[in-house]
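A.B. asks: Have a look at this prediction, sequence included:
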Amino acid sequence: MNFLKLFDSLAERSTRGVAQRSARRGFLVGVSKMLVAGAFALPVLPFDRTVQAAGNAGRKKAEPTDTDCDYWRYCSVDGFLCSCCGGSMTTCPPGTTPSAVSWVGTCHNPADGRDYLVSYNDCCGRTTCGRCGCNTNIRERPGYRMGVHNDINWCMANQSSLYHCTVSIIVGLEEGQS
């Protein structure tokens, strides 16, 4: 028993001593310098993309679907799409509940040329889905504008704070459009 206390005390003192003599910033500065120096040491070689460009010239890009991050309704989403996790674009998967609070974004629909107000609700109550992760930040605002900030666990207002996925619900047209 005394041996464990002595060992614990010794380990704590040595760890605190290292922490007092070193700083995280100093370590990060040293690592950053090595990375920058290494990047300049690598040769920049030319490469030819004409073959790839010629192969894609006649091919039309497919329209994004509700499981693609570049689908217009996902312009401010940050998380996993519920349409890939057992739910849909507008409904949470079974076993989860929509967050009591949400964030909003204004997304442009290229099909009709209108801007829509979209509410993003996290679905809570199960562990993270892990499929179709998107992080689009068009018109995102800093953290002090909570209603338009997408980097928050919005499930904190629910009974279970476990985040699973995110739905996007159109709540209206942008003002001035009819």
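C.D. replies: In hand now; what should we look at?

A.B. asks: CA atoms only for stretch 109-123, dumped as CSV, please.
C.D. replies: C-alpha atoms of stretch 109-123 as CSV (Å, rounded to 0.1, in the frame of the first residue of the first chain):
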residue,chain,number,x,y,z
ASN,A,109,-32.2,26.3,-55.0
PRO,A,110,-30.6,26.4,-58.5
ALA,A,111,-33.7,24.7,-60.0
ASP,A,112,-36.1,27.6,-59.2
GLY,A,113,-33.6,30.3,-58.5
ARG,A,114,-35.0,31.1,-55.1
ASP,A,115,-33.4,31.3,-51.6
TYR,A,116,-35.0,29.2,-48.9
LEU,A,117,-34.7,29.4,-45.1
VAL,A,118,-33.7,25.9,-43.9
SER,A,119,-33.8,24.7,-40.3
TYR,A,120,-31.2,22.1,-39.4
ASN,A,121,-32.2,19.9,-36.5
ASP,A,122,-29.9,17.3,-34.9
CYS,A,123,-31.5,13.9,-34.2
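
A.B. asks: any idea of the mean pLDDT for it?
C.D. replies: For stretch 109-123, mean pLDDT is 92.

A.B. asks: pLDDT weak spots in this structure?
C.D. replies: Under the criterion pLDDT under 70, the flagged ranges of the chain are 1, 24, 27, 35-61, 138-151, 176-178.

A.B. asks: change it to 50
C.D. replies: Residue ranges of the chain with pLDDT under 50: 47, 144, 146-148.

A.B. asks: Show me it divided up by domain.
C.D. replies: Domain assignment of the chain by automatic domain parsing yields the ranges 2-41, 72-173.

A.B. asks: Out of those domains, which one sits most buried?
C.D. replies: Burial of the domains of the chain is given as mean neighbour count (mean count of other Cβ atoms under 10 Å); domain 72-173 ranks first at a mean of 18. For the C-beta atoms, the positions are set from N, CA and C on the backbone; glycine is no exception.

A.B. asks: What's opposite the residue nearest to Glu174 when sequence neighbours are not counted in the beta bridge?
C.D. replies: Nearest residue to Glu174, sequence neighbours excluded (Cβ to Cβ, 6 or more residues apart in numbering): Asp115, at 3.8 Å. Beta-bridge pairing of Asp115, defined through DSSP bridges, involves His108.

A.B. asks: ok so Val104 is a helix residue?
C.D. replies: No. Using DSSP: H, G, I helix; E, B strand; the rest coil, the assignment for Val104 is strand, not a helix.

A.B. asks: Name the single longest helix found in the protein.
C.D. replies: For the chain, the helix reaching the highest residue count under DSSP state H is reported as helix 2-21.
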